[in-house]
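Undergrad: what's the 3D shape of this:
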Amino acid sequence: MHQTHVAGEGEAATEVTIRPLGAPGDLGWVIQANGEVYANEFGWDSGIEVLVAQLVAEYARNHDEREAAWIAELDGARVGCVFCTHGDDDVSAKLRVLVVDPKARGHAVGRRLVHTCVDFARQAGYRRIGLWTVDTLSSARRIYQAAGFELDSETSSRLFGQDLVEQCWSREL
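TA: Residues are numbered from 1 along each chain as shown. Below is the predicted model:
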């Protein structure tokens, strides 16, 4: 478990913890958080929850020692998550389902989750890690770029009730 204490001038210390997914309610929270954050911030429909529910269910049913997921907590409340799953071959991993609750922004939660995922993928023996996102998620894109990911491809699509540009990013480990 990783902990960080963050305090601004005149503020009480705030504790951010990154822990393995697995507490009661974690799986449902991942689905709910993705649905709520993306609906509130971008007007996405419930299709995002359907996609995340499928990914979470697949992980819960079939993950092995080369896959992992984490929950970020801020002062004991869930505020973010990320998953590391198998990619398209034995040497590739996928970073999936990254979300950070708006109340946790400014605490480097997204950056820490991405670094946790990348470090795990490297230690699990993967040589490459990829991810799928959309171009409107500019905060996430900045985190991915800072972590060494590079844009591989873009495709215009209609997803989650919106016209979006899908993006695939990757990096060597």
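Undergrad: okay, helices next: where are they in this protein?
TA: Shown for the chain, the helices assigned by DSSP state H span residues 26-42, 47-62, 109-123, 138-146.
Undergrad: minimum distance to residue 102: which of these has it?
TA: Across the helices of the chain, the minimum distance to residue 102, taken as Cβ to Cβ, is reached by helix 26-42, at 7.0 Å. Bear in mind the C-beta positions are built from the backbone N, C-alpha and C, glycine included.
Undergrad: list of residues touching the closest one?
TA: Identification of contacts with helix 26-42 by Cβ atoms under 8 Å, 6 or more residues apart in numbering yields 21, 44-46, 48-49, 52-53, 56, 60, 69, 71, 78, 80-81, 97, 99-102, 136, 160, 162.
Undergrad: are any of those buried, and which?
TA: When neighbours are counted using 16 or more other Cβ atoms under 10 Å, those contain these buried positions: 21, 44, 48-49, 52-53, 56, 69, 71, 78, 80-81, 97, 99-101, 160, 162.
Undergrad: which of the residues you listed fall in strands?
TA: Using DSSP state E to define strands, the subset of the buried ones among the contacts of helix 26-42 located there is 69, 71, 78, 80, 81, 97, 99, 100, 162.
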